[in-house]
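K.L.:
need a structure here:
(chains A and B)
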Amino acid sequence: MNIFEARNLVKFFGGLGAVNGVSFKVEKGEIFGLIGPNGSGKTTIFNLINNYYPVTSGKIFFNGKDITGIKTHTICKLGIARTFQVVKPLARMTVLENVTASAFCRVNTIKEAQKLALEAIEFCGLEHYKDQRAKGLPIGLRKRLEITRALATQPELILLDETAAGLNPKELDQAIELIKEINGRDITLIIVEHIMKVIMTISNRILAINYGLPLAEGSPEEVSRNPEVIKAYLGEEYVKG
Amino acid sequence: MGPIFVFILAAVLPLVVNHDYYQHLMILVLIWVVIGSSWNLLAGYTGQVSFGHAAFFGIGAYTAGILNTKLALSPWWGMAFGGFTAIILGVLIGYLCFRLRGPYFALATLASGEILRLIANNWTDFTEGMVGILIMQTFVSKLPYYYIILCIAAGCIGVIYLAMNSKLGYYFVSIREDQDAAASLGINTTLYKNVSLMISSFFTGTAGAFYMNYMGFIDPSVVFSLHHISIQAILVGIIGGVATLWGPAIGALVMVGIQELFRTAVFGLAPKWVSQGHALAFGLLVVLTILYLSNGLVGDWPKIKKVLFRKAPQETS
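P.N.:
Residues are numbered from 1 along each chain as shown, chains lettered A, B, ... in the order given. Here you go, the predicted model:
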């Protein structure tokens, strides 16, 4: 069953078309990868999904329900959480407070929220840092905090925006492991990623886009062999070789 | 235990210091505790810096005043309503100003306060304009006023304490730290900014209505004053400590103290021209606070303590 569907998304910033008609369906339990060169509109698609920007045209469905134009915080309540490419930690709050604030999405008392938060913190392996201020964390942990916060809202679908960017090889393996574990909890994921190691090993299906238009969709092997995709990433001369 | 002790101490204080002048100062301090704490909830905790708290103070005062002059209602009834008219004004200002962020929000609130002052100045049929409103005070003694404002201040700090130790507190601080992140975590930022503003405006409005009752006279240039209400609310917050529960209370104490020291030219001991210098003294105090104690007296108390205790053994040796 499709948990998520984007139908013909279009976004114009003035005269510039950032997304020019992208459609895709995501099945429940899937890890769906979104790739494309810089500026191809991946993050814009995420910003359209959680209505950080309003769509110019097109429709977004979640669990069969039209969620186009619904407010950002309501979308989170419905069960779509997201992380930010440029991390947005609540800087002067501790890790635990950061995650507790997001756990209030489902519960109302501090006790319950902290319980959910601690659970998510432990799941993501941040328990040693829980009393540290988010401001002082290194980038790897801040990226992880983004995921922890998203998890604490008890979502059905998580949008991960380049959570592996800027990580060292060891952290990268941990991140891949974490994403797999999250998926193991029956949470569907849509991931935007530049690091091929990540996207190729964990995605079930991939959509490649360029200039806000879909290039190719399919399994990681299919997409990586697609001449259009190679052309967009490396240039025309690499297509035949 | 601490807060109860402070409350009992504050309750006993005017019985010990049985002098009208000092009781008047203590009432002023408590009025500023209420305004400063309210401002701090919105600006310090929620991150929405208001330069227009005079709007709420003024409308609370005018509610009490106008209900008395037009409907002959006891101004104490006006005090019950003052907070609520301030909430209504708060929702209106919030609706308009919360579309803006950061300095733009601050400027919009500044404009709101000034607009209300001009309305109060010019709508003479309703507000008596610059002539002001004069009502009969109920009590001759300062004591009843003192205990009423003490209860309002305790209520204000109590409500802020409860709010900050609940979901609301987490939401307010999240909004302060990053509005976009907060929205993506399921926080209805518009709603909770308004909740913060409503609590803040309610107590400021109640303080305004109390001021009407206590002073017996108001005019637009006093209660809607940009310098003497809006800006001073910010000073109280900054000097005492932004985003700390007791900061504004300490700030109010310091501010009223310094103001009085200068106004009376150190109780008549210094030459008269000293009394002109209170604005300068405030300016210096704010500059020094921001430079050396950017979290205010309460927020940087550990820092102050360290300096004090480090000096102590040196003096004895």
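K.L.:
Got phi/psi on the most centrally placed residue in chain A?
P.N.:
Central residue of chain A (Cα atoms, centre = their mean): A:L160, 1.9 Å from the mean position. Backbone geometry at A:L160, expressed as degrees, to the nearest 10, gives phi -100, psi 120.
K.L.:
Check which helices and strands the lengthiest helix in chain A is in contact with.
P.N.:
If you go by DSSP state H, chain A has its longest helix at helix A:169-184. If contacts are counted by 3 or more Cβ pairs under 8 Å, 6 or more residues apart in numbering or on different chains; DSSP states H and E, helix A:169-184 sits against helix A:139-152, strand A:188-192, helix A:196-202. No exception for glycine: its C-beta is placed from N, CA and C like everyone else's.
K.L.:
mind putting these in a markdown table, distance to A:K65 included?
P.N.:
Converted to a markdown table, these look like this (distance: least, Cβ to Cβ, whole Å):
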| stretch | distance to A:K65 |
| --- | --- |
| helix A:139-152 | 20 |
| strand A:188-192 | 15 |
| helix A:196-202 | 27 |
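K.L.:
Pick out the shakiest of the ones you listed, pLDDT-wise.
P.N.:
Across these, helix A:196-202 has the smallest mean pLDDT, namely a mean of 86.
K.L.:
who's in contact with the next helix or strand after that one?
P.N.:
As assigned by DSSP states H and E, the chain's next helix or strand after helix A:196-202 is strand A:205-210. Applying Cβ atoms under 8 Å, 6 or more residues apart in numbering or on different chains, the contact partners of strand A:205-210 are A:22, A:24, A:30, A:32-37, A:40-42, A:45, A:199, A:214-220, A:223, A:226, A:228-229, A:232.
K.L.:
so how many other residues sit close to the residue of the stretch 1-150 of chain B at minimum distance from chain A?
P.N.:
For the stretch 1-150 of chain B and chain A, the shortest gap (Cβ to the nearest Cβ) falls at B:G47, measuring 10.2 Å. Neighbour count for B:G47, taken as other Cβ atoms under 10 Å in any protein chain shown: 22.
K.L.:
now swap in A:E27 and tell me
P.N.:
13.
K.L.:
you'd agree it is up against A:I3?
P.N.:
Yes: if you go by Cβ atoms under 8 Å, A:E27 and A:I3 touch, sitting 6.7 Å apart.
K.L.:
Identify the contacts common to the two.
P.N.:
Contacts common to A:E27 and A:I3, judged by Cβ under 8 Å, 6+ apart, are A:T188.
K.L.:
thinking again about what came up before, got phi/psi on the residue of the stretch 1-150 of chain B closest to chain A?
P.N.:
Dihedral pair for B:G47: phi 80, psi 10, per degrees, to the nearest 10.
K.L.:
show me what contacts it?
P.N.:
Counting by Cβ under 8 Å, 6+ apart, B:G47 touches B:172, B:175-177.
K.L.:
if we can go back for a sec, for the residue nearest to the centre of chain A, list the residues it contacts.
P.N.:
Taking Cβ under 8 Å, 6+ apart as the criterion, A:L160 is in contact with A:82-83, A:147, A:150, A:179, A:189-193.
K.L.:
For it, which residues count as its bridge partners?
P.N.:
Beta bridges link A:L160 to A:I191 when assigned by DSSP bridges.
K.L.:
burial measure for A:V55, as a count.
P.N.:
A count of nearby residues for A:V55, using other Cβ under 10 Å, gives 21.
K.L.:
And B:G36, by the same measure?
P.N.:
32.
K.L.:
Next: the one 10 residues further on.
P.N.:
Using other Cβ under 10 Å, B:T46 has 27 neighbouring residues.
K.L.:
same check, this time on A:G218
P.N.:
Around A:G218 there are 14 residues (other Cβ under 10 Å).
K.L.:
Please apply the same query to B:I133.
P.N.:
Neighbour tally, B:I133, other Cβ under 10 Å: 24.
K.L.:
List the contacts of stretch A:36-50.
P.N.:
With Cβ under 8 Å, 6+ apart as the test, stretch A:36-50 has contacts from A:6, A:9, A:11, A:18-20, A:22, A:34-35, A:52-53, A:55, A:58, A:60, A:72, A:75-76, A:80, A:82, A:85, A:159, A:161, A:190, A:192, A:208-212, A:215, A:232-233, B:184.
K.L.:
Now do that stretch: distance from first to last residue.
P.N.:
20 Å (Cα to Cα, to the nearest Å).
K.L.:
one step back: in a markdown table, list the helices and strands packed on helix A:169-184 along with mean neighbour count and distance to B:W76.
P.N.:
Shown next, in a markdown table, are the helices and strands packed on helix A:169-184 (neighbours: other Cβ atoms under 10 Å in any protein chain shown; distance: least, Cβ to Cβ, whole Å):
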| stretch | mean neighbour count | distance to B:W76 |
| --- | --- | --- |
| helix A:139-152 | 24 | 48 |
| strand A:188-192 | 23 | 60 |
| helix A:196-202 | 17 | 68 |
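K.L.:
Which positions in the stretch 101-250 of chain B make contact with chain A?
P.N.:
B:165-167, B:170-171, B:173-174, B:177-178, B:180-189 (Cβ under 8 Å from any Cβ of the partner chain).
K.L.:
From the residues you listed, which land in helices?
P.N.:
Applying DSSP H to those, the entries found in helices are B:167, B:170-171, B:173-174, B:177, B:180-184, B:189.
K.L.:
Can you list the low-confidence ranges for chain B?
P.N.:
B:1, B:311-317 (pLDDT under 70).
K.L.:
out of the contacts of A:L160, what pair is the most spread apart?
P.N.:
Spanning the widest gap among the contacts of A:L160 are A:A150 and A:E193, at 15.5 Å by Cβ to Cβ.
K.L.:
hang on, the earlier thing: mind listing what's buried in the longest helix of chain A?
P.N.:
A:171-172, A:174-176, A:178-179, A:182-183 (16 or more other Cβ atoms under 10 Å in any protein chain shown).
K.L.:
same question, stretch A:67-80
P.N.:
Neighbour count says stretch A:67-80 has A:67-68, A:70, A:72-73, A:75-80 buried, by 16+ other Cβ under 10 Å.
K.L.:
what do you get for stretch A:217-233?
P.N.:
Buried residues in stretch A:217-233 (16+ other Cβ under 10 Å): A:217, A:220, A:223-224, A:226, A:229-230, A:232-233.
K.L.:
Now do the strands in the stretch 201-317 of chain B.
P.N.:
Assigned by DSSP state E, counting those that start in this stretch, the strands in the stretch 201-317 of chain B fall at B:217-218.
K.L.:
Smallest gap between it and chain A, at which residue?
P.N.:
Closest point on the stretch 201-317 of chain B to chain A, by Cβ to the nearest Cβ, is B:A243, at 8.7 Å.
K.L.:
Now do the helices in the stretch 201-317 of chain B.
P.N.:
For the stretch 201-317 of chain B, the helices defined by DSSP state H, counting those that start in this stretch cover B:220-223, B:232-240, B:247-263, B:265-268, B:278-292, B:296-299, B:301-316.
K.L.:
Those residues of chain A touching chain B, which are they?
P.N.:
Looking at chain B, the residues of chain A close enough under Cβ under 8 Å from any Cβ are A:50, A:52, A:71-74, A:76-77, A:81-82, A:84, A:88-93, A:97, A:100-102, A:104-105, A:108-110, A:113, A:149, A:153.
K.L.:
Other residues contacting the longest helix of chain A?
P.N.:
A:29, A:31, A:123-125, A:140, A:143-144, A:147, A:151, A:158, A:160, A:163-164, A:167, A:189, A:191, A:195, A:197-198, A:201-202.
K.L.:
Same question for stretch A:17-27.
P.N.:
With Cβ under 8 Å, 6+ apart, stretch A:17-27 has contacts from A:1-12, A:32, A:41, A:44-45, A:48, A:58, A:157, A:188, A:190, A:207, A:209, A:211-214, A:217.
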